[in-house]
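K.L.:
I would like to see how this sequence folds:
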Amino acid sequence: MKTWQCVVCGLIYEEEKGWPEDGIAAGTRWEDVPADWKCPECGVSKAEFEMVEF
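P.N.:
Numbers count the residues shown, from 1 in each chain. Presented below is the predicted three-dimensional model:
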């Protein structure tokens, strides 16, 4: 599973955890997150996230 980070505010989206608060189940791959999903922290679009490795 991959991890994605908002380039504006630094919020982390982890595929294995999903984002249940927005209806995105654990295990949801980034490409399956709806295109209109916004960063819950700063409101930017999904396009403003980059894959990161920790």
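K.L.:
residue contacts, the residue lying closest to Gln5 once chain neighbours are set aside?
P.N.:
Spatially, and ignoring its direct neighbours in sequence, Gln5 is nearest to Val52 (4.7 Å; Cβ to Cβ, 6 or more residues apart in numbering). The C-beta positions use only the backbone N, C-alpha and C, and glycine is treated the same way. Val52 sits next to Thr3, Trp4, Gln5, Ile12 when contact means Cβ atoms under 8 Å, 6 or more residues apart in numbering.
K.L.:
does the nearest residue in space to the last one that is not next to it in sequence belong to a helix or a strand, and which?
P.N.:
Same thing as Ile12. Residue nearest to Ile12 in three dimensions, not counting chain neighbours: Gln5, with 5.5 Å by Cβ to Cβ, 6+ apart. According to DSSP states H and E, Gln5 maps onto strand 3-6.
K.L.:
now that strand: mean pLDDT?
P.N.:
What strand 3-6 shows for mean pLDDT is 98.
K.L.:
From Lys2, how far out is the nearest residue to Ile24 once chain neighbours are set aside?
P.N.:
In this structure, Ile24 finds its nearest non-sequential neighbour in Gly18, 4.5 Å apart by Cβ to Cβ, 6+ apart. Gly18 sits 12 Å away from Lys2, going by Cβ to Cβ, to the nearest Å.
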